[in-house]
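*Asks:* coordinates for the following, if possible.
(2 chains, ligands or ions: 1)
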Amino acid sequence: MSRHVVCSADELPPGSRRTAFVDGREIALFNVDGRLHALLNRCPHGGARICTGVVTGIAQSSGPGDYRLERHGEFLRCPWHGWEFELATGQSWCDPRTTRLRSYDVKREPGASLVKGPYVAERFPVVIENDYVVVETR
Amino acid sequence: MNAPFLEQQARQTLAVVDCDIHPAHRTPGELLPYLEPRWREHYQTYGVHVRQALSSTLMYPRMMAAGMRTDALPSAGPAGSDLDMLRKQHLDPVNVEFGLLMALSKGGMEERNPEFAAAMSRATNDWQIDHWVRQEPRLRAGIVVPQEFPEAAVTEIERCAADRRYVQIMLSSRPSDPLGHPRYWPIYAAAERAGLPIGLHPVGYNGGHPSTGSGWPTYYLQEHYVFVACMEALAASFIVGGVFERFPGLKVVLVEGGFAWAPALAWRMDKHFDKFRKEVPHLKQRPSEYLRRHIWWTTQPIEEPEHARHLVEIIDWIGWDRLLYSSDYPHWDYDNPSFSFKFPMTETQRRKIFRDNAMALYRLS
Ligand code: FES
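*Replies:* Numbers count the residues shown, from 1 in each chain, chains lettered A, B, ... in the order given. A predicted model of the protein is given here:
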């Protein structure tokens, strides 16, 4: 497992998304109401880059005439064929048995805990101020 | 949130011919300069008169983003209206050697006013060359024709056919009559003379005949499946109607209607042919022979059986020289060639489906 600092927390405010290259892989990062999600940016179904998909809920129904949109903000709908994946786990909703979107652990950590040592380069002091978004890959 | 437009990074190495790309009008008046003043005024005053309640809306809200890939929306205009985006998002990364345009929006195919249908078809064909093919040498046009008015359709075919930038004649898979009907035959005679295949694409959803033989579908899932039923009915009509007996050089491409059904249709027709052949003495061969000799299929949206290999057996029956790769860019059910075929293929089979079959059929090069 390795940990990668991908951006400062300011660069991924709630409601935003971005991509980052980590270990040669492109990872899509989402901040949904303060919850951070990191997924491999390639749909396992047909290869779409899922970072442009819609963050949505899931339509549930107990039978014709009864429809509810539930768990809003917990799902990502692929920009191509619309397969839905649970943001937190990458679990495919339409083919859970054989398809899942790779997901990664992602955290917000204070800069001070990411680097150690005397923060001095040349003669300029390095100041650690903000929080950073950190992705863990396996 | 405005999602960012991203280019695919890895370039696919094998060159492909994409047999289904949809160009869109960036502005609603984009065809006006291509219409004679008389029809320009008609268009502005009366609009189009097609077989649906509202000419610009469909009965179903479609899958999403009005039926488009949500990442294919340019900064101005609808998906499919930006040539540069088409290049960056599809032609370049997918390594498209040739891309065949299928112009669906407001052409003449469904227009009910005969003269206006002819004018709209002409305008659409000129627009395709001007806006797309002239700007991008990888693109080729399909001749849009006023298909319900065969005489006018023939005139349009003859106007365009000598220009090799047009590679096929487009017909809707929801015509007024089954396409084997003799009233359409002048179109086939013209196609045969021009040496151009007929490409059938699903067009028109809300009006005319219900899209199934048993009424209108309830869900979009059904509506989308119905493309298959229409294609089967048309293939049977071409074959049993004797079109291929009358026009032995005619080639028909079924676009976006699936292909896995082909063997079943052929088996069923062959079985009945053995009993009913006296009813159709104009047929000199079994239906399956016409099917395999005169019909081609495009791949998108490809059937996705649980065991992907099941498709191999079907293609073995249809023939590896009969399938043509298509993407349907920029529609939501777009197929990327690197991911859509989930079964093993030999190098030769791959080359045929992705490139060589289309190169030969459309005489590209
Ligand atoms: S590519 Fe994502 S659903 Fe098909």
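*Asks:* give me the below-cutoff pLDDT ranges for chain B.
*Replies:* For chain B, applying pLDDT under 70 flags the ranges B:1-12, B:53-64, B:205-207.
*Asks:* repeat that for 50
*Replies:* B:1-10 (pLDDT under 50).
*Asks:* can you pull out the strands in it?
*Replies:* In chain B, the strands defined using DSSP state E lie at B:16-21, B:96-101, B:139-144, B:166-172, B:198-201, B:252-254, B:295-298, B:323-324.
*Asks:* take those and lay them out in JSON lines including mean neighbour count and distance to B:A118.
*Replies:* Heads up, the C-betas are built off the backbone N, CA and C, glycines and all. Below are those laid out as JSON lines (neighbours: other C-beta atoms under 10 Å in any protein chain shown; distance: least, C-beta to C-beta, whole Å):
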{"stretch": "strand B:16-21", "mean neighbour count": "27", "distance to B:A118": "25"}
{"stretch": "strand B:96-101", "mean neighbour count": "24", "distance to B:A118": "20"}
{"stretch": "strand B:139-144", "mean neighbour count": "27", "distance to B:A118": "10"}
{"stretch": "strand B:166-172", "mean neighbour count": "25", "distance to B:A118": "14"}
{"stretch": "strand B:198-201", "mean neighbour count": "26", "distance to B:A118": "18"}
{"stretch": "strand B:252-254", "mean neighbour count": "26", "distance to B:A118": "23"}
{"stretch": "strand B:295-298", "mean neighbour count": "26", "distance to B:A118": "27"}
{"stretch": "strand B:323-324", "mean neighbour count": "28", "distance to B:A118": "29"}
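*Asks:* need those in a markdown table (columns: distance to the ligand).
*Replies:* What follows is the strands of chain B, written out as a markdown table (distance: least, C-beta to the nearest ligand atom, whole Å):
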| stretch | distance to the ligand |
| --- | --- |
| strand B:16-21 | 17 |
| strand B:96-101 | 18 |
| strand B:139-144 | 24 |
| strand B:166-172 | 27 |
| strand B:198-201 | 21 |
| strand B:252-254 | 23 |
| strand B:295-298 | 18 |
| strand B:323-324 | 20 |
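*Asks:* what about the ones you listed, which gets the closest to B:S365?
*Replies:* With C-beta to C-beta as the measure, strand B:96-101 is the member of the strands of chain B nearest B:S365 (8.8 Å).
*Asks:* tell me what angle the closest one forms with strand B:139-144.
*Replies:* 20 degrees (axes from the mean of the first three to the mean of the last three C-alpha atoms, to 10 degrees).
*Asks:* just the CA trace of stretch B:262-277, in PDB.
*Replies:* The C-alpha trace of stretch B:262-277 is given here as PDB (Å, rounded to 0.1, in the frame of the first residue of the first chain):
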ATOM      1  CA  ALA B 262     -30.000 -13.000 -37.700                       C
ATOM      2  CA  PRO B 263     -29.600 -16.800 -37.500                       C
ATOM      3  CA  ALA B 264     -32.900 -17.300 -35.800                       C
ATOM      4  CA  LEU B 265     -34.700 -15.300 -38.400                       C
ATOM      5  CA  ALA B 266     -33.000 -17.200 -41.200                       C
ATOM      6  CA  TRP B 267     -33.800 -20.600 -39.700                       C
ATOM      7  CA  ARG B 268     -37.400 -19.700 -39.200                       C
ATOM      8  CA  MET B 269     -37.800 -18.300 -42.700                       C
ATOM      9  CA  ASP B 270     -36.000 -21.300 -44.300                       C
ATOM     10  CA  LYS B 271     -38.200 -23.700 -42.500                       C
ATOM     11  CA  HIS B 272     -41.300 -22.000 -43.700                       C
ATOM     12  CA  PHE B 273     -39.900 -21.500 -47.200                       C
ATOM     13  CA  ASP B 274     -39.800 -25.300 -47.600                       C
ATOM     14  CA  LYS B 275     -43.500 -25.400 -47.100                       C
ATOM     15  CA  PHE B 276     -44.700 -22.100 -48.600                       C
ATOM     16  CA  ARG B 277     -42.400 -21.800 -51.600                       C
END
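*Asks:* name the residues that touch it?
*Replies:* Residues from elsewhere that reach stretch B:262-277 (C-beta atoms under 8 Å, 6 or more residues apart in numbering or on different chains): B:232, B:235-236, B:239-240, B:280, B:283, B:286-288, B:291-292, B:295, B:297, B:314, B:317-318.
*Asks:* need the longest strand for chain A.
*Replies:* Chain A, longest strand under DSSP E: strand A:66-77.
*Asks:* the next helix-or-strand element following that one close to chain B?
*Replies:* Using DSSP states H and E, the helix or strand that follows strand A:66-77 towards the C-terminus is strand A:84-86. No: judged by C-beta under 8 Å from any C-beta of the partner chain, strand A:84-86 and chain B are separated, with a smallest distance of 11.2 Å.
*Asks:* just give the nearest non-adjacent residue to A:R17, would you?
*Replies:* Nearest residue to A:R17, sequence neighbours excluded (C-beta to C-beta, 6 or more residues apart in numbering or on different chains): A:F30, at 4.7 Å.
*Asks:* who in the stretch 201-350 of chain B is up against chain A?
*Replies:* B:W332, B:D333, B:Y334, B:D335, B:N336, B:S338, B:F339, B:S340.
*Asks:* residue ranges with poor pLDDT in chain A?
*Replies:* For chain A (pLDDT under 50), the answer is A:117-122, A:124-126.
*Asks:* just the strands in it please.
*Replies:* Going by DSSP E, chain A shows strands at A:2-8, A:17-22, A:25-32, A:35-40, A:54-63, A:66-77, A:84-86, A:103-110, A:120-121, A:124-125, A:131-137.
*Asks:* what helices or strands is the first one leaning on?
*Replies:* Same thing as strand A:2-8. strand A:17-22, strand A:25-32, strand A:131-137 (3 or more C-beta pairs under 8 Å, 6 or more residues apart in numbering or on different chains; DSSP states H and E).
*Asks:* format the strands of chain B as CSV; extra columns: distance to B:R159.
*Replies:* Formatted as CSV, these follow (distance: least, C-beta to C-beta, whole Å):
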stretch, distance to B:R159
strand B:16-21, 23
strand B:96-101, 17
strand B:139-144, 9
strand B:166-172, 10
strand B:198-201, 17
strand B:252-254, 22
strand B:295-298, 25
strand B:323-324, 26
